[in-house]
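**Q** Okay, structure incoming, though there's no sequence with it:
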């Protein structure tokens with residue numbers, strides 16, 4: 001079995017948790033607070049547990065098929081002795097028996113240790129409040145969803161991200177037009193002028209994030225960006241206490257393609273923003289060369305909230321550093337039909353009134 005790291009309170013022995021409000025480890029039992037730097041992150045030897053003297057003959061269960069258990073990892077909780085089962089990417093969780101927060105330090109061995117971590121700044125209460133605020137102003141949201149729907153699950157997760165630095169050299173050619181219109185007593189005139197517009201230059205990118213976990217939808221993770229990398233600190237497992245954490249299962253090499261795609265799109269967007277004063281602008285030809293690529297490994301804080309309505313699962317995410325909240329909501333189809341029926345009726349009345357005034 002792999003080893004666990006628990007952070008015990010020196011005052012009362014309770015399991016410490018990282019508190020996002022004070023950015024310290026705090027004991028939920030005696031309220032003692034401790035700086036992260038007080039705790040050594042070196043590996044500890046797992047405690048041994050005495051074996052039972054009695055031998056049982058049992059026939060329950062069956063042998064695992066080849067490869068069937070390869071993704072499962074088991075741990076022993078140091079507080080209560082309960083067994084914790086996780087998968088090959090679980091790096092922090094809590095004991096299902098005593099709820100003590102634990103960090104699976106062995107999960108980081110044999111793979112890259114994170115360079116940085118951005119600590120949580122928003123707690124579970126803030127995530128729940130953000131969901132309630134997300135409901136506000138949504139006229140087509142079913143009332144029962146807003147009033148009676150319950151959160152199935154809410155969890156703070158440190159999500160693994162690869163952070164890419166790169167320099168880009170780019171040349172882009174655009175086809176653009178300007179349109180001029182005028183009239184005289186006899187005719188209306190339209191003149192269209194055509195232009196070739198060139199843009200070229202160098203751009204540098206720092207810490208472009210790419211989700212390193214296959215469990216997390218890339219679209220959801222990218223939607224809670226940006227994260228402020230300037231607030232990242234050197235990785236310390238103490239920041240994981242009280243939260244869930246995954247290690248990467250998509251490595252930096254596999255993530256390069258997505259990083260290149262994001263950088264290239266950012267280059268095109270930046271260059272396009274400088275082409276102004278035209279009626280139409282279309283990119284005709286582009287060349288983007290990337291060089292000096294570097295990658296770092298970091299854990300970013302994300303709150304995930306799940307709820308179920310009418311048999312469908314709805315997932316929401318909140319940036320644990322900035323509080324940005326995203327997620328799709330259900331729509332009341334009855335309200336939708338009434339709303340647009342009413343809108344159509346208003347448009348019809350206006351059209352009739354205009355026609356009446358004109359004729």
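**A** Looks like it arrived, so ask away. Treat the numbers as computed from the prediction; the structure is a model and nothing was measured.
**Q** CA only for contacts and neighbour counts going forward, please
**A** OK.
**Q** And the helices in this structure, which stretches?
**A** For the chain, the helices defined by DSSP state H occupy 124-135, 143-148, 218-223, 252-272, 333-358.
**Q** which one of those has the lowest average pLDDT?
**A** Within the helices of the chain, confidence is poorest for helix 333-358, with a mean of 50 (mean pLDDT).
**Q** Which residues are in contact with residue 318?
**A** By Cα atoms under 8 Å, 6 or more residues apart in numbering, the contact set of residue 318 is 127, 224, 302-304, 324-326.
**Q** Output the below-cut-off pLDDT ranges for the stretch 1-150 of the chain.
**A** Across the stretch 1-150 of the chain, residues meeting the criterion (pLDDT under 70) sit at 1-5, 12, 39-111, 138-140, 142-149.
**Q** longest single strand anywhere in this structure?
**A** strand 151-183 (DSSP state E).
**Q** got a list of what the closest residue to residue 321 other than its chain neighbours touches?
**A** Distances taken as Cα to Cα, 6 or more residues apart in numbering place residue 121 nearest to residue 321, at 5.0 Å, with adjacent residues excluded. Neighbouring residues of residue 121 by Cα under 8 Å, 6+ apart: 20-21, 23, 320-322.
**Q** Filter the residues you listed down to the buried ones and hand me the PyMOL line.
**A** Buried residues among these (16 or more other Cα atoms under 10 Å), as a PyMOL selection:
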select buried, resi 20+23+320+321+322
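**Q** among the contacts of residue 121, which two are most distant?
**A** 23 and 322 (14.7 Å; Cα to Cα).
**Q** picking up where we left off before, keep only those of the contacts of residue 318 that are in strands.
**A** Those of the contacts of residue 318 lying in strands (DSSP E): 302-304, 325-326.
**Q** In stretch 190-201, which of the residues would be classed as buried?
**A** Across stretch 190-201, burial judged by 16+ other Cα under 10 Å covers 197-198.
**Q** Give me the residues contacting that stretch.
**A** The contact list for stretch 190-201, computed with Cα under 8 Å, 6+ apart, reads 169-182, 271, 275.
**Q** closest to residue 220 among these?
**A** residue 271 (26.4 Å).
**Q** And for that closest one, the neighbour number?
**A** 17 (other Cα atoms under 10 Å).
**Q** which residues sit in contact with it?
**A** 172, 199.
**Q** cool, residue 123 as well?
**A** Applying Cα under 8 Å, 6+ apart, the residues contacting residue 123 are 20-21, 320.
**Q** how far away is residue 256 from residue 135?
**A** Noted for residue 256: a distance of 37 Å to residue 135, by Cα to Cα, to the nearest Å.
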